[in-house]
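Engineer: how does the following fold in three dimensions:
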Amino acid sequence: MALIKEVRGFTPQIGENVFLADNATIIGDVVMGNDCSVWFNTVLRGDVNSIRIGNRVNIQDGSVLHTLYQKSTIEIGNDVSIGHNVVVHGAKIKDGALIGMGAIILDDAVIGEGAIIAAGAVVLSKTIVEPGSIYAGMPAKFVKKVDPEQAKEMNQKIAKNYLMYSGWFKEEEK
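Structural biologist: Just a heads-up that it's a prediction; the model follows:
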């Protein structure tokens, strides 16, 4: 069973039909929407500031979400996919964005709607990633615009797949 821990008077609030892997850790001021999945060895650490997560968000294995005390918060929109071993530290990620494996997104960065952050990219503090664009590199830089419909279709497919995958684990629990 996932570790869900109250801290500083904040108890995580988890929506309906959410899959939390057995060793996921959700701490403090975390509010999560419906149909989300938080995978193995993932930590959502809302001990020093708030983490807000929309609906149909998947946060894949080994990812860490954290903030700066009294300075930054995390806001994640709907239909967002956060790949394996991603670090999100005090950033905003808009609807339909895809964060590639091993990416790092630092405080006060904003990832626009439908944007794609390439695997291994480092998005520096206060970077504004335009909607519908691909950013890659260390530090992450604009690569190109993507077809909005194609990006939306791909990102929604990944989000739906992770909802399906989480269903496999819920079936085993019965």
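Engineer: show me which positions of stretch 150-160 end up buried.
Structural biologist: 151-152, 154-156, 158-159 (16 or more other C-beta atoms under 10 Å). Placement of C-beta: from N, CA and C, glycine included.
Engineer: my error: substitute stretch 25-44 in the last question.
Structural biologist: Counting neighbours by 16+ other C-beta under 10 Å, stretch 25-44 gives 25-30, 32-33, 35-39, 41-44 as buried.
Engineer: what are the phi and psi values for the residue lying closest to Pro148 once chain neighbours are set aside?
Structural biologist: In space, Pro148 comes closest to Gly132 once its chain neighbours are excluded; the distance is 4.9 Å by C-beta to C-beta, 6 or more residues apart in numbering. The phi/psi pair for Gly132 (degrees, to the nearest 10) reads phi 70, psi 30.
Engineer: including secondary structure and distance to Ser166, could the buried residues of stretch 150-160 go into JSON lines?
Structural biologist: What follows is the buried residues of stretch 150-160, written out as JSON lines (DSSP: H, G, I helix; E, B strand; the rest coil; distance: C-beta to C-beta, whole Å):
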{"residue": "Ala151", "secondary structure": "helix", "distance to Ser166": "23"}
{"residue": "Lys152", "secondary structure": "helix", "distance to Ser166": "21"}
{"residue": "Met154", "secondary structure": "helix", "distance to Ser166": "19"}
{"residue": "Asn155", "secondary structure": "helix", "distance to Ser166": "17"}
{"residue": "Gln156", "secondary structure": "helix", "distance to Ser166": "16"}
{"residue": "Ile158", "secondary structure": "helix", "distance to Ser166": "13"}
{"residue": "Ala159", "secondary structure": "helix", "distance to Ser166": "11"}
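Engineer: which one of these is nearest to Ser81?
Structural biologist: Set against Ser81, the nearest of the buried residues of stretch 150-160 by C-beta to C-beta is Ile158 (4.5 Å).
Engineer: that closest one touches Arg56, doesn't it?
Structural biologist: No. Counting by C-beta atoms under 8 Å, Ile158 sits too far from Arg56 to count as a contact (10.3 Å).
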